[in-house]
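Visitor: Next comes the sequence, and after it the predicted model I'd like to discuss.
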Amino acid sequence: MMQTDDLIMHIPSRPKMDALNWQIEAGQSWGILGPNGAGKTTLLLTLAGLKAPRSGQVLLAKQPITSYTMQQRAQQLGLVFQQQQDDFPATVLATALMGRHPYLRSWQTESQADIDLAKQALAQMELTELENRSIQTLSGGERQRLALAVLLTQNPALLLLDEPTNHLDLHHQMAVLEIIHQQVQAGKSAVMALHDINLAARFCSHILLLYPDGQACWGEKTIMLQLPALEKLYRQRLITTQIAGQTLFFPYSSIG
Amino acid sequence: MVLNLLPRLMLLACIALLVMLLGLLLGSVNLPLESITAVLTGQGSPLHKTLILDLRLPRVLAAFATGGLLAIAGALMQVLLRNPLADPYVLGLSGGAAVAALLAMLAGVGVFWVSSAAFGGALFSTFLVFGLAYGSGQASATRLLLTGVVVASGWGALISFLLATSQAHQLPGMLYWLMGDLSHAPSPVIPWLVLVVVLLLLIPLGRTLNVLARGALQAAALGVSVKKVELMIFGLAALLTAIAVTVAGSIGFVGLIVPHLMRMVFGYDQRILLPASALAGGSLLVLADTLARIVIAPQQLPVGVITALLGVPVFLLLLYRNNR
Amino acid sequence: MHQSRFWVVLPLLALQLALAASALAAPLKTAAVEITDDTGQVLQLAKTAQRMISLSPHITENLFAIGAGNLIVGAVEYSDYPEAAKQIPLIGGYNQLDIEGLVALEPDLIIAWHSGNPVAQLERLAGLGIPIYYTEPRSFAAVSHELRQLGRLTGKEAQAEAAALAFEEGAEQLKAEYAQQRPVRVFYQVWEQPLMTLNGEHLISEGLSLCGGVNIFADLNQLVPVISREVVLAQNPEVIMGGGMGEATPAWLESWKKYRSLQAVQEKKLYFIPPSLVQRPTPRFLQGTKIICDKLQAARNF
């Protein structure tokens, strides 16, 4: 589905970086782990073609992403950002409907089918009751869910998510990740930057570790989620435990 | 969804027509209603014909088009800068126009050249701000806004300089221009043409503008060619404002409050907001100009005084209500 | 310590203040000139003025008219008549004075234009002890009055009297010749953008009535009001006259020609009045009034 070809991201403060030759297949969900400032957001933007790489290229369905129009790209891949801008009081439903923008010609208005898709996405994100509210009145978690609803309405084959569980309570964290999981099961792919190793361990099939010095390694999660690698990644001692056959990671602290 | 709002838009169009009729009916000379129907059907006295067809009609049309242009330009600037407080002049365009127009007045040239100078000054200021903001490559809405505000205050200083050093008898003309005045509006044909063409151009772009208002990155993720669209908005808003300033000097507040008011009535969808703003901005300016012509008749006020007097309380009220 | 010293100084200070106050209040026994200006203030000069500052082009012009032009040491911008006036050092514009430059000229009298000069700056100058005479001529009578007053201030009474008399007689003559003629309704245009005229209080309006003209906007409150074109059309004046900027043929008058319903347009009674002759309350205003009278007579003889 997506492939990077000797890709080196453009981060001016970091002259030496590993070239990524990375393959994202349908049915895979990738978790990007790395400390603050490692370049997770930049990597997502570069994959989406919204930020030019220093060298190398991103291939979408074997074609350079730059060869697609913006509209074609948006039909193939969608992006959820960490923050949303809402200087203007659009309604929740109108905002969700923006997910249909890549599919409509300029003179077309949204059809009933489009509206149904948006409403369905809002229902999945448990936002139906808010559909006529202004986005300016939403809480942080509601905004995050709305951003995911836009992505579901957009319905691309490749989902790029920058910390999708940001601002979410536990129930909604699970709900959101389960929906993403379902989408991947249905043949799509997801790439998400995550902070929580345990969520990544549960919901991702593959992991990419992004080190602040520019190194990167990637592969299946069972190979990647090893204590020494993670401790080096976060420069933090970790402890592990096994519950119900799953390995859990916790930061070690001398206090308590 | 958009179509549900069409009845309200039609109502607004009816109000616009009524206001224009009012503008034809009222003036410093009182005319009976019959005289209008008589003149419009080709009868009526020569004086009535002159008053209505030669003086009031072109002025009402010019006022409407100018108000419409300013309101649309304001709505566009607000999207471009992702800032609901932006107005058509926020990027220093009126300042450039004003300096050029005042220089033309000082040189003692005629109305036509003053207007031409204003147009040239507006475009110059546009290119200046654009060059400074985008010249270094990466330009954000904030950088553009900051550049515009600084350039605008530069123009402001030049305006003060020109006012301070001009002769007494030239001052009224200059002040009237700065406050906005429609008494010497040129033929309304060009402003109307631009208004209609730009609206037809913008309505299909409305959905894109909606998306753009959510931020440049989000818009790009939804398939908008952000740079291209932003350039187009910038260019169009500048052109609209330049024409409005050329017709009537720098009239404040229309471009700021009309998009706000319309968002309260029609919601935020640009596809309906832009035509609604055009209608409401036009109506507001016709109304303000009619008031400017009659409140102390036969003496005249610059229309900018009335729009600001109407605009300031309305705007403050909105701000107060939004904060609650 | 500072406090105690202050208490010692205080009585001295009070004494000084009292002395200064009495000096101000006491009339100058030796005053050569005692004169009331147009604001009603009484001004006393020890001797006639020898180094004068003129704060308006019309004052400069009037001083030259009474032969006192050589006594002006400083003038404001646009003091351009007569030709010799252009040689006088400038001390700013009428609305923005160069106080330092003015004081450096060591004037013994400032002639100020009451409604035109900035009050704060004049107060500053008064505070420096320079005598100020305020003028505000708004009528024919006020012009001859100003000429005579300037004569007294400069000791040129004889020349001033001659100039004032000539002005008065000229005005009387015009009045005798034209005031009883058929009244002509006139729209006098002062400015084009915005459209401005003048009310009955204005000197030009007095000139119009001297010539038997009737200012159609005499009743308005403002001296130089902005008015609507509509009312001019509805009033339908017999004559439209006015100046322009500079002496060129005014495009202003041309712009009325498209309104065919106007009597003034139908009968081609659109007249240009050279603005330099009517814009200042000086003896030249009489020449301007003569031109106005001639034009109105031509209108009557149509």
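Guide: Good, I have the coordinates.
Visitor: Can you identify each of the helices in the stretch 51-200 of chain C by residue range?
Guide: C:57-65, C:99-104, C:119-127, C:140-154, C:157-178 (DSSP state H, counting those that start in this stretch).
Visitor: Would you map the strands across the chain?
Guide: You didn't say which chain, so I picked chain A. A:2-8, A:23-24, A:29-33, A:55-60, A:63-64, A:77-80, A:158-162, A:189-193, A:206-210, A:216-220, A:238-243, A:246-251 (DSSP state E).
Visitor: Not quite, go with chain C.
Guide: C:33-36, C:42-45, C:52-54, C:72-75, C:92-93, C:96-97, C:109-113, C:132-135, C:184-189, C:213-215, C:239-242, C:270-272.
Visitor: Looking at these, spot the one closest to B:Arg59.
Guide: strand C:184-189 (19.0 Å; CB to CB). Glycine gets a C-beta too; all of them are placed from N, C-alpha and C.
Visitor: just checking, what packs against the strand or helix carrying B:Leu24?
Guide: Element membership for B:Leu24, per DSSP states H and E: helix B:6-25. Where contact means 3 or more CB pairs under 8 Å, 6 or more residues apart in numbering or on different chains; DSSP states H and E, helix B:6-25 is packed against helix B:33-40, helix B:57-80, helix B:254-266, helix B:270-294.
Visitor: Out of these, which is the most enclosed?
Guide: Highest mean neighbour count of the helices and strands packed on helix B:6-25: helix B:57-80, a mean of 28 (counted as mean count of other CB atoms under 10 Å in any protein chain shown).
Visitor: quick one: it to helix B:270-294, angle?
Guide: On the basis of axes from the mean of the first three to the mean of the last three CA atoms, to 10 degrees, helix B:57-80 is oriented at 140 degrees to helix B:270-294.
Visitor: Off-centre distance for helix B:57-80?
Guide: 4 Å (CA atoms, centre = their mean, to the nearest Å).
Visitor: do the same with stretch A:19-36
Guide: Counting by CA atoms, centre = their mean, stretch A:19-36 comes out at 10 Å from the chain centroid.
Visitor: neighbours of the residue of the stretch 201-302 of chain C at minimum distance from chain A, just the number please.
Guide: When scored by CB to the nearest CB, the stretch 201-302 of chain C has C:Val226 as its residue closest to chain A, at 40.3 Å. C:Val226 has 23 neighbouring residues, counting by other CB atoms under 10 Å in any protein chain shown.
Visitor: Who is it paired with across the strands?
Guide: C:Met196 (DSSP bridges).
Visitor: Just to check, it is in contact with B:Leu175?
Guide: No - using CB atoms under 8 Å, C:Val226 is not in contact with B:Leu175; the gap is 10.2 Å.
Visitor: about what we covered before: please identify which of the helices of the stretch 51-200 of chain C is closest to chain B.
Guide: helix C:57-65 (10.0 Å).
Visitor: okay, the angle between that closest one and strand C:109-113?
Guide: Using the same axes, to 10 degrees, helix C:57-65 lies at 130 degrees relative to strand C:109-113.
Visitor: Return the list of helices and strands in contact with helix C:57-65.
Guide: Helix C:57-65 packs on strand C:52-54, strand C:72-75, strand C:109-113, helix C:140-154, going by 3+ CB pairs under 8 Å, 6+ apart.
Visitor: Out of these, which is the most enclosed?
Guide: strand C:52-54 (a mean of 29).
Visitor: which regions of the stretch 51-200 of chain B sit below the pLDDT cut-off?
Guide: Applying pLDDT under 70 to the stretch 51-200 of chain B flags the ranges B:136-139.
Visitor: Do a quick rundown of the helices in it.
Guide: With DSSP H, counting those that start in this stretch as the criterion, the stretch 51-200 of chain B has helices spanning B:57-80, B:93-107, B:111-134, B:141-165, B:171-179, B:189-202.
Visitor: Which single residue of chain A approaches chain C most closely?
Guide: For chain A, CB to the nearest CB, closest residue to chain C: A:Phe88, 38.8 Å.
Visitor: and chain B, which residues reach chain A?
Guide: Chain B comes close to chain A at residues B:1-3, B:78, B:82-84, B:204-205, B:207-208, B:210-211, B:213-215, B:217-218, B:220-225, B:263, B:267-269, B:271, as judged by CB under 8 Å from any CB of the partner chain.
Visitor: Keep only those of these that are in helices.
Guide: Residues of the residues of chain B next to chain A located in helices (DSSP state H): B:78, B:207-208, B:210-211, B:217-218, B:220-221, B:263, B:271.
Visitor: Whichever residue of the stretch 151-300 of chain C sits closest to chain A: what's it in contact with?
Guide: Residue nearest to chain A within the stretch 151-300 of chain C: C:Pro194 (38.8 Å; CB to the nearest CB). Counting by CB atoms under 8 Å, 6 or more residues apart in numbering or on different chains, C:Pro194 makes contact with B:172-173, B:176, B:181, B:183-184, B:300, B:302, C:226.
Visitor: at 6 Å instead, please
Guide: Each residue near C:Pro194 by CB atoms under 6 Å, 6 or more residues apart in numbering or on different chains is listed here: B:176, B:183, C:226.
Visitor: Out of these, which is nearest to B:Leu31?
Guide: Among those, and counting by CB to CB, the member closest to B:Leu31 is B:Ser183, at 18.3 Å.
Visitor: got a list of what that closest one touches?
Guide: Counted by CB under 6 Å, 6+ apart, B:Ser183 has contacts C:Pro194.
Visitor: How many residues are close by C:Gly40?
Guide: Using other CB under 10 Å: C:Gly40 sits among 7 other residues.
Visitor: From chain A, how far off is it?
Guide: Distance of C:Gly40 to chain A, computed by CB to the nearest CB, to the nearest Å: 61 Å.
Visitor: Chain C is nearest to which of the helices of the stretch 51-200 of chain B?
Guide: helix B:171-179 (4.6 Å).
Visitor: where in the stretch 151-256 of chain A is pLDDT low?
Guide: Short version for the stretch 151-256 of chain A, where the test is pLDDT under 70: A:256.
Visitor: Nearest to chain B: which residue in it?
Guide: Nearest residue of the stretch 151-256 of chain A to chain B: A:Gln154, at 6.9 Å (CB to the nearest CB).
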